[in-house]
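K.L.:
next input, structure requested:
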Amino acid sequence: MRIIEQYPLRWPTGWPRTRYHRHGNFLQYGRSIFLAGAIEKLGRELRLLDARNVVLSLNEVDGIRDPGVAIYFALAKRQMVMACDRYVSQADNARSLGLAIAAMRQLERHGGGAMMNRAFDGFAALPSPDAPPRSWREVLGISDDMRIDTETIDHCYRIRAKRAHPDAGGSHEAMAELNAARGGAPAGRQAQRQGRRSLHRGGSHQRHVALLLWRDARGGGVAQDRGLWIATAAGQIWRVFCVAAGVRSG
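P.N.:
Okay, here's the model as predicted:
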């Protein structure tokens, strides 16, 4: 497996930086590990992980100025990123990443492949702030030859919501992107407009009922008898409740 080294350091989006660095204690052959040795060990762990398209991002000059190291790779067709700047040297940070991957691979070796996959979910690469937002078709997984209607939009939305929801291992960001895509789709916008029109019609009906009640209370001739007025008012209030609750009255 070939590791592509990329300069200068491209720190991953959303990852916090370490303010105060510390000295590591990673040894190789009884002495402090060199950067080349740390990268070699990191590459071995990534190869055993079956990672693809590996890119190692760091600065050309080692030192305490910015010794951070970031590793970008593809795992099961998902873009991943891990980064470390805890230590004062690039060699120690690269070795720390290699040991972290080795520890997570222990889950797979002991029959916990699903646990390892869930553990790596937290390292899914976030898109760069400069990257253009994905289209609603891309987010919902709708190809150009698919029919666009409310049923198709809802079907694709439900499938992806099962993976994007935070309770199912997704994230709030992924769910927000999915909701925005659903609202941005033509069928989604049409459904929203229909919902607003229905709400407006329901509000108009409620205002009309309230006007009838007010006229009845002032003796407008609709219900002069007190008992009849109470029964009429109760019936009107019940219809208002039915309209608000979406229930059809008899």
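
K.L.:
pLDDT below threshold where in this structure?
P.N.:
1, 61-64, 110-119, 122, 125-133, 169, 187-250 (pLDDT under 70).

K.L.:
redo that, cut-off 80
P.N.:
By pLDDT under 80, the weakly predicted segments of the chain are 1-2, 14, 28-30, 61-65, 77, 107-134, 143-147, 166-174, 185-250.

K.L.:
the domain parsing of it - what is it?
P.N.:
Here the domain parsing of the chain from automatic domain parsing is 4-121, 136-184, 201-245.

K.L.:
okay if I get the ones you listed as CSV plus mean neighbour count?
P.N.:
Quick note: C-beta positions are derived from backbone N, CA and C, even for glycine. Below are the domains of the chain laid out as CSV (neighbours: other Cβ atoms under 10 Å):
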stretch, mean neighbour count
domain 4-121, 16
domain 136-184, 15
domain 201-245, 13
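
K.L.:
which residue ranges of this protein form strands?
P.N.:
Assigned by DSSP state E, the strands in the chain fall at 4-6, 27-28, 31-32, 52-58, 69-75, 78-84.

K.L.:
which one of those lies nearest to L99?
P.N.:
Checking those against L99 by Cβ to Cβ gives strand 78-84 as the closest, at 10.0 Å.

K.L.:
quick one: which of the strands of the chain is nearest H172?
P.N.:
strand 78-84 (18.4 Å).

K.L.:
with only the CA atoms kept, save the closest one in PDB.
P.N.:
The C-alpha coordinates for strand 78-84 follow below in PDB (Å, rounded to 0.1, in the frame of the first residue of the first chain):
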ATOM      1  CA  ARG A  78     -16.300   5.900   3.200                       C
ATOM      2  CA  GLN A  79     -13.900   8.800   3.600                       C
ATOM      3  CA  MET A  80     -12.200   8.800   7.000                       C
ATOM      4  CA  VAL A  81      -9.700  11.100   8.700                       C
ATOM      5  CA  MET A  82      -7.700  10.800  11.900                       C
ATOM      6  CA  ALA A  83      -5.400  13.500  13.200                       C
ATOM      7  CA  CYS A  84      -3.100  14.000  16.200                       C
END
